[in-house]
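What would the 3D arrangement of this be:
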Amino acid sequence: MATLLPLLLKTSLALLVFSLGLSATLQDTTHLFRRPGQLARSFVAMFVIMPITALILARAFHPHPAVKIALVALALSPLPPTFPRKAMKLGGRLSYVAGLLVAATLLAVPLIPLSLELIERNRDMPLQMRPAAVLGLVFWSLLLPLSVGIVVRKVRPALAERAAGPISTIAFAVLVLGVIPILIRGWPALVSLVGNGTLLVMVLLALVGLAAGHMLGGPDPGDRTVLALSTAARHPAIAIAIAQANFPDQKLAPAAVLLYVLVSVIAAMPYLKWAKRRHVAAPVPARS
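Predicted coordinates:
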């Protein structure tokens, strides 16, 4: 699980981001950097509220050590929309989705090592991860596939339009077909983590992420939905890398990360249903 799961997650995410790039422009990727207020709110939701919440929950509920490690690692691993097509169907703008992806990715490179250092100083825990290691992860799974997709769209726009949907479907299939066997094989490890408030802690972390993203998403309902999903979801491959770099002897940490991914997807279902009803009932706003 510790070896195959990160590979599948990175491959699936890279394909998903590539499909997003096939629909985006270079101007879309700089959307948030041209809107500092919206960038600041997104930053607070994804990089401030989630880590603080994870630390509070880990201290208050005293879950399994692997779960504590996974919570902190996940909270430090921001992941822009894992379901961009679904978010855009609910009113999300492509420019905001792409802009959030780029902004969060670039911010993660210095902020993940800095956050680990701050936690180390305050919790007396030996934590570290070099910026170069973070850059390597986000470059291959996020920045490169997004850039390639944008270039293909610029050179062959018709091809990009036809390929975006199928590639997104393939990305989801890679994730499902790859994770299901791992989930079946690793089910005993997942079950062993349940208890001592594990599920409650994970549900609370996901709900806080949804609420923080929705409240800080700004006046546009679609942007609120995008930021809510992006804040609750985290980058599981980066989280596993953080856990393995700092706690190599804790073999259950990848299982705990996978468990949060499952829990967060389930926890987001009521919000998605509500957002869908709101989007259907709301008039279409004029957008810039």
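
so where is this structure shaky, pLDDT-wise?
1-6, 79-86, 121-131, 282-288 (pLDDT under 70).

any idea where the helices of the stretch 51-200 of the chain begin and end?
65-75, 84-89, 94-123, 131-138, 144-155, 157-185, 187-193, 198-216 (DSSP state H, counting those that start in this stretch).

I'd like those helices laid out as JSON lines, including mean neighbour count.
C-beta here means a position set from N, CA and C on the backbone, and glycine is covered the same way. Shown next, in JSON lines, are the helices of the stretch 51-200 of the chain (neighbours: other CB atoms under 10 Å):
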{"stretch": "helix 65-75", "mean neighbour count": "26"}
{"stretch": "helix 84-89", "mean neighbour count": "20"}
{"stretch": "helix 94-123", "mean neighbour count": "20"}
{"stretch": "helix 131-138", "mean neighbour count": "18"}
{"stretch": "helix 144-155", "mean neighbour count": "18"}
{"stretch": "helix 157-185", "mean neighbour count": "15"}
{"stretch": "helix 187-193", "mean neighbour count": "14"}
{"stretch": "helix 198-216", "mean neighbour count": "21"}
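
just checking, Leu252 touches His64?
Yes. Here Leu252 reaches His64: they are 7.2 Å apart, a contact under CB atoms under 8 Å.

So if I had to pick from those two, which one is more boxed in?
Remark: of Leu252 and His64, Leu252 carries more neighbours, 23 against 19, as counted by other CB atoms under 10 Å.

which non-adjacent residue is nearest that one?
Ala66 (3.7 Å; CB to CB, 6 or more residues apart in numbering).

With distance to Leu262 added, can I get the helices of the stretch 51-200 of the chain in CSV?
What follows is the helices of the stretch 51-200 of the chain, written out as CSV (distance: least, CB to CB, whole Å):
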stretch, distance to Leu262
helix 65-75, 12
helix 84-89, 17
helix 94-123, 22
helix 131-138, 22
helix 144-155, 25
helix 157-185, 8
helix 187-193, 8
helix 198-216, 9
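
Phe47 is nearest to which of those helices?
Closest of the helices of the stretch 51-200 of the chain to Phe47 is helix 94-123, at 5.8 Å (criterion: CB to CB).

Just give me how far the closest one sits from the chain centre.
Chain-centre distance of helix 94-123: 11 Å, with CA atoms, centre = their mean, to the nearest Å.

Same question for stretch 10-18.
Relative to its chain's centre, stretch 10-18 lies at 12 Å (CA atoms, centre = their mean).

what residues are shared contacts of Leu252 and His64?
When contacts are counted by CB atoms under 8 Å, 6 or more residues apart in numbering, Leu252 and His64 have Leu193 as shared neighbours.

Quick one: end-to-end length of stretch 187-199, please.
15 Å (CA to CA, to the nearest Å).

Actually, stretch 35-55.
Across its full length, stretch 35-55 reaches 30 Å end to end, with CA to CA as the criterion.

Contacts for that stretch next, please.
32-33, 71-72, 74-76, 78, 96, 100, 103-104, 107, 111, 115, 119, 204-205, 208-209, 212-213, 216-218, 223, 227, 230-231, 234.

redo that, cut-off 6 Å
Contacts with stretch 35-55, where a contact means CB atoms under 6 Å, 6 or more residues apart in numbering, come from 32, 71-72, 75-76, 78, 103, 111, 205, 208-209, 212-213, 216, 218, 227, 231.

quick revisit: of all the helices of the stretch 51-200 of the chain, which lies closest to Gln27?
When those are compared by CB to CB, helix 94-123 sits nearest Gln27, at 7.4 Å.

That closest one packs against which elements?
helix 26-29, helix 131-138, helix 221-232 (3 or more CB pairs under 6 Å, 6 or more residues apart in numbering; DSSP states H and E).

Next, the buried residues of the last one.
The neighbour-count check on helix 221-232 (16 or more other CB atoms under 10 Å) flags Pro221, Gly222, Asp223, Arg224, Thr225, Val226, Leu227, Ala228, Leu229, Ser230, Thr231, Ala232 as buried.

how close does Ala233 get to Val226?
Distance, Ala233 to Val226, using CB to CB, to the nearest Å: 11 Å.

Now do stretch 138-158: distance to the chain's middle.
When C-alpha coordinates are averaged (CA atoms, centre = their mean), stretch 138-158 and its chain have centres 19 Å apart.

Identify the residues contacting that stretch?
By CB under 6 Å, 6+ apart, stretch 138-158 touches Lys10, Leu13, Ala14, Val17, Phe18, Gly21, Leu22, Ala24, Thr105, Ala108, Ala160.
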